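In: model the following, please.
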Amino acid sequence: LTDPAARAHVASVWGVDPDTLPGPGRSAYELLDALGTDVRALLLMGSNPVVSAPRAAHVEDRIRSLDFLAVADVVLSETAALADVVLPVTQWAEETGTTTNLEGRVLLRRRALTPPPGVRSDLEVLHGLAARLGLEKGFPTAAEEVFEELRRASAGGPADYSGISYTRIEAEQGVFWPCPEGSQGQPRLFLDRFATEDGRARFAPVSHRDAAELPDADYPILLTTGRVVAQYQSGAQTRRVDELNAAAPGPFVELHPRLAARLGAVEGTPLAVTSRRGRAVAPARITDAIRADTVFMPFHWPGEGRANTLTNPALDPTSRMPEFKVCAVRVEPLG
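Out: Prediction:
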């Protein structure tokens, strides 16, 4: 975004002045924190920050303060339920497109199902919005046309798709990326050189820095959050599957037997977990698989067991990622 040559190249693909391209913006949490003040309207696509964002009660309050919220999603998530307009959109089996998987192989996905009447693809939503803003040209609705644009826009850069086409993907059952024009692709990145000007690796010393929030007299226990195998992310889709809910029906607080004995906690009875951001309540799950100074909560559920009510939005200075995985809490058995 800050490289003049890259900006000029992409602007030429789009047929616009490089000066009209945006510069670096806010990180995800910083954007959510600005809702209702600097940001008055939001189009949210396939995301459920009311459950998934750190300091979630604050984020929910910011979302509610917007002048206008539109959500495009496959299901009516907790965030979509707050929207002024909900646009139902296709899910992966209802649309054709490419996937670049974790080994770097670009695969072609053919549509397997016809979407219900009135359901649009994300591309059709963006095209319709652009058209209403007077910019219909340049926002195609066909995935292959978008991919051809990506080929031109990425040509010559480190994320080069220019040598890949739908025809080649089908013929070779996937093409490894990056793949400049005329290349066979790169099944193994950095085999001969690294992505630096001279091809040599860079090493940098890293000093340990404590978490932004450590236990103290008021909040003496560490909380860490994470996943369970039967639910996914904010649970907006997986919590609609009976078999998955049978395997993982709701939130819980995992704690060590020694901590449970000290608190007077009993397996299955509710625990209140409180941080400087808020309070969550979920049943105790006692196990010696966790440290005695730490509790664990999964983050897939809304409501009073919402783990992200507690988490700390302190941001990494470089990546601007929130510090989801550690904060200070107190834990108390209820009744």
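
In: low-confidence ranges in the stretch 201-335 of the chain?
Out: Under the criterion pLDDT under 70, no range of the stretch 201-335 of the chain is flagged.

In: show me where the stretch 51-200 of the chain has helices.
Out: 56-64, 122-132, 143-154, 166-172 (DSSP state H, counting those that start in this stretch).

In: looking at those helices, which is closest to Val75?
Out: Across those, Val75 has its closest neighbour in helix 122-132 (14.5 Å, CB to CB). C-beta coordinates here come from the backbone N, C-alpha and C atoms, glycine included.

In: by contact count, what packs against that closest one?
Out: With contacts taken as 3 or more CB pairs under 8 Å, 6 or more residues apart in numbering; DSSP states H and E, helix 122-132 sits against strand 41-45.

In: and the strand it packs on, which strands flank it?
Out: strand 68-73 (parallel) (DSSP bridges).

In: quick one: average pLDDT of the strand it pairs with?
Out: In this model, strand 68-73 has a mean pLDDT of 98.

In: show me what counts as buried in that strand.
Out: 69-73 (16 or more other CB atoms under 10 Å).

In: what's the closest of those residues to Leu31?
Out: Relative to Leu31, and with distances defined as CB to CB, the nearest of the buried residues of strand 68-73 is Leu69, at 13.4 Å.

In: could you give the number of residues near the nearest residue to Val51 once chain neighbours are set aside?
Out: Leaving aside its sequence neighbours, Val51 sits nearest to Ser234 (CB to CB, 6 or more residues apart in numbering; 3.9 Å). By other CB atoms under 10 Å, the residues close to Ser234 number 25.

In: now the one 5 residues further on
Out: A count of nearby residues for Arg239, using other CB under 10 Å, gives 21.

In: before we move on, back to that, out of the helices of the stretch 51-200 of the chain, nearest to Ala328?
Out: helix 56-64 (17.2 Å).

In: list the buried residues of that closest one.
Out: 56-60, 62-63.

In: what do you get for stretch 154-163?
Out: Using 16+ other CB under 10 Å as the test for burial, stretch 154-163 gives 154, 157, 160-163.

In: show residues contacting it.
Out: Stretch 154-163 has contacts (CB atoms under 8 Å, 6 or more residues apart in numbering) with 6, 9, 106, 147, 150-152, 175, 177-183, 185, 195.

In: show the buried residues in those.
Out: Members of those classed as buried by 16+ other CB under 10 Å are 9, 106, 147, 150-151, 175, 177-180, 185.

In: including pLDDT and distance to Asp19, could those residues go into CSV?
Out: Shown next, in CSV, are the buried ones among the contacts of stretch 154-163 (pLDDT from 0 to 100; distance: CB to CB, whole Å):
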residue, pLDDT, distance to Asp19
His9, 97, 14
Val106, 97, 32
Phe147, 96, 27
Leu150, 96, 23
Arg151, 97, 25
Val175, 97, 35
Trp177, 92, 30
Pro178, 92, 28
Cys179, 95, 31
Pro180, 94, 28
Gly185, 90, 35
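
In: all good on my end, thank you.
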